[in-house]
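S.K.: Fold the stuff below for me.
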Amino acid sequence: MQKGGQSTLFVVIGLVIVILVVLFVLISPKRLLIDIKSYADEVTRTFEDCLKNKLSYAVANTDFVLQPDILLAKAYLERKSNGFAAECAYFPKIKGAQIIDDKAKIKSEVSFDATEFNEVTKVDVSVDYPMTIKKGEKEEKISKFFVEVSL
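M.R.: Numbers count the residues shown, from 1 in each chain. As a prediction, this is how the structure comes out:
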(Lines give C-alpha, C1' and ligand atoms only; values in the text may rest on other atoms or scores of the structure.)
Protein backbone atom coordinates (compact mmCIF):
# COMPACT_ATOMS: atom_id res chain seq x y z
CA MET A 1 0.00 0.00 0.00
CA GLN A 2 1.31 3.44 -0.85
CA LYS A 3 1.94 6.14 1.74
CA GLY A 4 -0.90 8.33 0.44
CA GLY A 5 -3.34 5.43 0.66
CA GLN A 6 -2.20 4.60 4.18
CA SER A 7 -2.67 8.18 5.34
CA THR A 8 -6.15 8.32 3.83
CA LEU A 9 -7.07 5.02 5.49
CA PHE A 10 -5.88 6.23 8.92
CA VAL A 11 -7.80 9.51 8.53
CA VAL A 12 -10.99 7.66 7.56
CA ILE A 13 -10.63 5.21 10.48
CA GLY A 14 -9.94 8.14 12.83
CA LEU A 15 -13.05 9.98 11.61
CA VAL A 16 -15.19 6.87 12.05
CA ILE A 17 -13.92 6.44 15.63
CA VAL A 18 -14.54 10.12 16.45
CA ILE A 19 -18.07 9.97 14.99
CA LEU A 20 -18.84 6.79 16.97
CA VAL A 21 -17.58 8.37 20.20
CA VAL A 22 -19.65 11.52 19.61
CA LEU A 23 -22.77 9.46 18.88
CA PHE A 24 -22.19 7.35 21.99
CA VAL A 25 -21.82 10.45 24.18
CA LEU A 26 -24.95 12.05 22.73
CA ILE A 27 -27.13 8.94 22.92
CA SER A 28 -26.02 7.17 26.09
CA PRO A 29 -26.84 9.80 28.74
CA LYS A 30 -30.50 9.36 27.83
CA ARG A 31 -30.22 5.61 28.26
CA LEU A 32 -28.06 5.78 31.40
CA LEU A 33 -30.28 8.19 33.29
CA ILE A 34 -32.69 6.25 35.41
CA ASP A 35 -36.26 7.35 34.89
CA ILE A 36 -37.77 8.79 38.06
CA LYS A 37 -40.80 6.48 37.74
CA SER A 38 -38.59 3.37 37.65
CA TYR A 39 -36.63 4.74 40.62
CA ALA A 40 -39.94 5.19 42.51
CA ASP A 41 -40.80 1.58 41.68
CA GLU A 42 -37.40 0.48 43.01
CA VAL A 43 -37.94 2.50 46.21
CA THR A 44 -41.37 0.86 46.64
CA ARG A 45 -39.97 -2.66 46.14
CA THR A 46 -37.03 -2.05 48.48
CA PHE A 47 -39.29 -0.59 51.17
CA GLU A 48 -41.91 -3.35 50.95
CA ASP A 49 -39.26 -6.12 50.98
CA CYS A 50 -37.65 -4.66 54.10
CA LEU A 51 -41.02 -4.20 55.79
CA LYS A 52 -42.11 -7.75 54.96
CA ASN A 53 -38.90 -9.21 56.41
CA LYS A 54 -39.26 -7.26 59.64
CA LEU A 55 -42.95 -8.10 60.00
CA SER A 56 -42.29 -11.80 59.38
CA TYR A 57 -40.03 -11.79 62.42
CA ALA A 58 -42.53 -9.75 64.43
CA VAL A 59 -45.42 -12.18 63.87
CA ALA A 60 -43.17 -15.08 64.86
CA ASN A 61 -42.15 -13.20 68.03
CA THR A 62 -43.47 -14.32 71.40
CA ASP A 63 -44.79 -10.79 72.10
CA PHE A 64 -47.20 -11.10 69.18
CA VAL A 65 -48.19 -14.71 69.77
CA LEU A 66 -48.98 -14.06 73.46
CA GLN A 67 -51.41 -11.21 72.79
CA PRO A 68 -54.64 -11.95 74.69
CA ASP A 69 -56.99 -10.95 71.85
CA ILE A 70 -57.10 -9.88 68.23
CA LEU A 71 -57.53 -6.16 68.96
CA LEU A 72 -54.39 -6.02 71.09
CA ALA A 73 -52.52 -8.04 68.46
CA LYS A 74 -53.65 -5.53 65.81
CA ALA A 75 -52.53 -2.56 67.92
CA TYR A 76 -49.20 -4.27 68.64
CA LEU A 77 -48.50 -4.89 64.94
CA GLU A 78 -49.55 -1.37 63.94
CA ARG A 79 -47.06 0.12 66.43
CA LYS A 80 -44.37 -2.26 65.20
CA SER A 81 -45.17 -1.47 61.55
CA ASN A 82 -44.78 2.26 62.15
CA GLY A 83 -41.36 1.68 63.68
CA PHE A 84 -40.33 -0.76 60.98
CA ALA A 85 -41.41 1.71 58.27
CA ALA A 86 -39.09 4.33 59.74
CA GLU A 87 -36.26 1.76 59.87
CA CYS A 88 -36.84 0.67 56.25
CA ALA A 89 -36.64 4.22 54.91
CA TYR A 90 -33.07 3.85 53.65
CA PHE A 91 -33.11 3.66 49.87
CA PRO A 92 -30.48 3.19 47.17
CA LYS A 93 -28.94 6.52 46.27
CA ILE A 94 -29.08 7.78 42.72
CA LYS A 95 -27.04 10.77 41.68
CA GLY A 96 -29.19 13.86 41.50
CA ALA A 97 -32.24 12.22 43.11
CA GLN A 98 -33.59 13.31 46.46
CA ILE A 99 -36.22 11.67 48.65
CA ILE A 100 -38.27 13.95 50.84
CA ASP A 101 -40.25 12.13 53.51
CA ASP A 102 -41.85 12.77 56.86
CA LYS A 103 -41.51 9.89 59.29
CA ALA A 104 -43.93 11.62 61.67
CA LYS A 105 -46.75 10.99 59.16
CA ILE A 106 -46.30 7.21 58.97
CA LYS A 107 -49.57 5.40 59.65
CA SER A 108 -50.01 1.64 59.51
CA GLU A 109 -53.21 -0.36 59.33
CA VAL A 110 -53.27 -4.08 60.06
CA SER A 111 -55.96 -6.55 59.10
CA PHE A 112 -56.25 -10.27 59.65
CA ASP A 113 -57.89 -13.00 57.58
CA ALA A 114 -59.92 -14.21 60.59
CA THR A 115 -61.92 -12.75 63.46
CA GLU A 116 -60.47 -15.03 66.14
CA PHE A 117 -56.80 -14.61 67.01
CA ASN A 118 -56.07 -18.36 67.06
CA GLU A 119 -57.51 -18.71 63.52
CA VAL A 120 -55.34 -16.05 61.87
CA THR A 121 -53.16 -17.37 59.03
CA LYS A 122 -52.40 -14.15 57.16
CA VAL A 123 -51.66 -10.57 58.17
CA ASP A 124 -52.14 -7.69 55.73
CA VAL A 125 -50.35 -4.46 56.51
CA SER A 126 -51.04 -1.23 54.68
CA VAL A 127 -48.62 1.61 55.36
CA ASP A 128 -49.31 5.22 54.49
CA TYR A 129 -45.91 6.89 54.31
CA PRO A 130 -45.90 10.02 52.13
CA MET A 131 -42.69 10.70 50.27
CA THR A 132 -41.65 12.65 47.22
CA ILE A 133 -38.81 11.65 44.94
CA LYS A 134 -37.26 14.59 43.11
CA LYS A 135 -34.76 14.56 40.32
CA GLY A 136 -34.20 17.86 38.62
CA GLU A 137 -37.57 19.25 37.59
CA LYS A 138 -39.31 15.88 37.81
CA GLU A 139 -40.96 14.54 40.92
CA GLU A 140 -42.88 11.42 41.81
CA LYS A 141 -45.07 11.07 44.90
CA ILE A 142 -45.61 7.73 46.57
CA SER A 143 -47.32 6.99 49.85
CA LYS A 144 -49.17 3.67 49.82
CA PHE A 145 -47.34 0.45 50.56
CA PHE A 146 -48.77 -3.01 51.10
CA VAL A 147 -47.31 -6.14 52.66
CA GLU A 148 -48.83 -9.56 53.26
CA VAL A 149 -47.30 -11.90 55.84
CA SER A 150 -48.32 -15.51 56.38
CA LEU A 151 -48.19 -17.08 59.82
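
S.K.: The residue nearest the centre of the chain sits in which helix or strand?
M.R.: Residue closest to the average C-alpha location in the chain (Cα atoms, centre = their mean): V43, at 1.6 Å. Per DSSP states H and E: V43 is located in helix 36-60.

S.K.: any residues touching the helix or strand following that helix, and which ones?
M.R.: Sequence order places helix 62-65 as the next helix or strand after helix 36-60, per DSSP H and E. With contact meaning Cβ atoms under 8 Å, 6 or more residues apart in numbering, helix 62-65 is reached by A58, A73, Y76, L77. In short, each C-beta sits where N, CA and C put it, glycine included.

S.K.: Neighbour-wise, which one of these leads?
M.R.: Neighbour counts for those peak at L77, which has 24 neighbours (criterion: other Cβ atoms under 10 Å).

S.K.: tell me which element it is part of?
M.R.: helix 70-87.

S.K.: in that helix, what's buried?
M.R.: I70, A73, K74, Y76, L77, K80, S81, N82, F84, A85 (16 or more other Cβ atoms under 10 Å).
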